[in-house]
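> Sequence unavailable; structure follows:
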């Protein structure tokens, strides 16, 4: 996905970046995206100065939109907007997030220690989902996370 | 690609959106990305209030990164930052941009007239390119556009 922040290097302009994410181990998506970022990259640096971030995913690269244009509303797009926060690396949440990230992005575990990668999470405040005609679907963060919880519990049966 | 703007709906938070683009007819890339946007969508609305926008592309969906993670610096990522401007629909530039867009996104030509799609362009002020280890490559907008001009002229021989 891509993750725009408010750029501190570019005096407040929005700055989009390509980031890998995981919201759970394979087959268990809980909805909160976790990231593994270094302050060598602008996204983490920006977020430490101004937490406001969004995270955008397109269905198009999955290949399931068929011949429809990526901008066509029937090819789903999701933007989560909120705050990008560092997760305390000694917390149980950091352990869960690392498992979620490393299971989907195995090479992360071997990324250079001296780049000081940290786990970040997006605290979701607003959801913009287009998956059909008629404008964005009205979904609140709690509805979205409840769906993730249900999915998680179904998967763990 | 995705195109974050400063959100007017979300009190100044960065807002990323999925947008289709073209910087030339197939085989002729000139570097300036053109978009076909409607103010029914936040990106165009935001840009009309605050032009600061960036535009992010990842090599990953092309499939040419192999098994490398999308966040790995050897999988190229490009962020162009600048101003998103409406192109006067009566100008010669609008004709060129429409040809560039409609040749790569044929369904655009049939999009609903009453949605009032307009051509937008990104006036590039800053380039962030990662395509290998060692941080972003120092490339100025004029170097980037000169390369596009050369490519264009080579292609038109």
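Here it is on my side, so go on. Model, not experiment: these values are computed from the prediction. Residues are numbered from 1 along each chain as shown, chains lettered A, B, ... in the order given.
> Show me which positions of the longest strand seen in chain A end up buried.
Criterion DSSP state E: the longest strand present in chain A is strand A:118-130. For strand A:118-130, the neighbour count (16 or more other Cβ atoms under 10 Å in any protein chain shown) marks A:118-122, A:124, A:126-130 as buried. Using the backbone N, CA and C atoms, a C-beta is placed for each residue, glycine as well.
> and it, what does it pack onto?
Helices and strands touching strand A:118-130, by 3 or more Cβ pairs under 8 Å, 6 or more residues apart in numbering or on different chains; DSSP states H and E, are strand A:34-37, helix A:42-49, strand A:77-86, helix A:92-104, helix A:141-155.
> Against residue A:119, how distant is residue A:61?
24 Å (Cβ to Cβ, to the nearest Å).
> sorry, that was for residue A:129
Distance from residue A:129 to residue A:119, by Cβ to Cβ: 25 Å.
> Kindly report the same for residue A:14.
24 Å.
> how long is stretch A:56-70 end to end?
One end of stretch A:56-70 sits 13 Å from the other (Cα to Cα, to the nearest Å).
> do the same with stretch A:59-79
Taking Cα to Cα, stretch A:59-79 runs 12 Å from one end to the other.
> low-confidence ranges in chain A?
With pLDDT under 70 as the threshold, chain A has low-confidence stretches at A:150-157.
> OK, contacts around the residue positioned nearest the centre of it?
For chain A, the residue nearest the mean C-alpha position is residue A:33 (3.8 Å; Cα atoms, centre = their mean). By Cβ atoms under 8 Å, 6 or more residues apart in numbering or on different chains, the contact list for residue A:33 reads A:1, A:21-23, A:55, A:80, A:121-122.
> Check residue A:5 too.
Neighbours of residue A:5 in contact, by Cβ under 8 Å, 6+ apart: A:14-15, A:17, A:42-43, A:46-47, A:50, A:52-53, A:84, B:14.
> Spell out for me the PyMOL command that would select the buried members of the residues you listed.
Selecting only the buried entries of the contacts of residue A:5 in PyMOL, with 16+ other Cβ under 10 Å as the criterion:
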select buried, (chain A and resi 14+15+17+42+43+46+47+50+52+53+84) or (chain B and resi 14)
